[in-house]
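**Student:** following is a predicted model, sequence given first.
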Amino acid sequence: MGFLISIGRALAPIALEHGGTMVRDWWKGRVKHTEQFQQLAKDLDQLKEHAARVDSDLDALNNAFTAREERLRKWILTLLIWNLALTSGLLLTFFALRH
């Protein structure tokens, strides 16, 4: 224990001279890191909000593509039926004129 007391007496003048500035610098650094963490948390919140907006935009696009795909499917079916009707009509006319 006496050894620690002698080291403490040797370092006491240095601690008194530089201790206040060291503690102040340490505290400023800690506050700066806290501000950086707060900024990082704000940035993460903004990223989460942006991701939510992107997700809703993707859902809207997916719904729009699905609706368009359904309209195109109906249009192709309509064209197929029209093609069958015209082809059948032409064949019936051709055979009716031949006989």
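**Tutor:** Received it, and whenever you're ready, just let me know what you need. Residues are numbered from 1 along each chain as shown.
**Student:** and the residue most central in space within the chain, what element?
**Tutor:** With distances taken as Cα atoms, centre = their mean, residue 51 lies nearest the centre of the chain, 3.2 Å away. Assigned by DSSP states H and E, residue 51 belongs to helix 2-98.
**Student:** mean confidence (pLDDT) on that helix, please.
**Tutor:** Helix 2-98 shows an average pLDDT of 85 in the prediction.
**Student:** just checking, what packs against it?
**Tutor:** Applying 3 or more Cβ pairs under 8 Å, 6 or more residues apart in numbering; DSSP states H and E, we find helix 2-98 packed against no helix or strand. From N, CA and C alone the C-beta is placed, and that goes for glycine too.
**Student:** list the contacts of the residue nearest to the centre of the chain.
**Tutor:** With contacts defined as Cβ atoms under 8 Å, 6 or more residues apart in numbering, residue 51 has no neighbours.
**Student:** quick one: residue 74 and residue 62, what's the gap?
**Tutor:** Counting by Cβ to Cβ, to the nearest Å, the gap between residue 74 and residue 62 amounts to 19 Å.
**Student:** now do residue 50
**Tutor:** 18 Å.
**Student:** same thing with residue 35?
**Tutor:** Distance from residue 35 to residue 62, by Cβ to Cβ: 40 Å.
**Student:** next: residue 53.
**Tutor:** Residue 53 is 15 Å from residue 62, by Cβ to Cβ.
**Student:** now residue 72
**Tutor:** From residue 72 to residue 62 the distance is 16 Å (Cβ to Cβ).
**Student:** what sits up against stretch 83-99?
**Tutor:** Contacts for stretch 83-99 (Cβ under 8 Å, 6+ apart): none.
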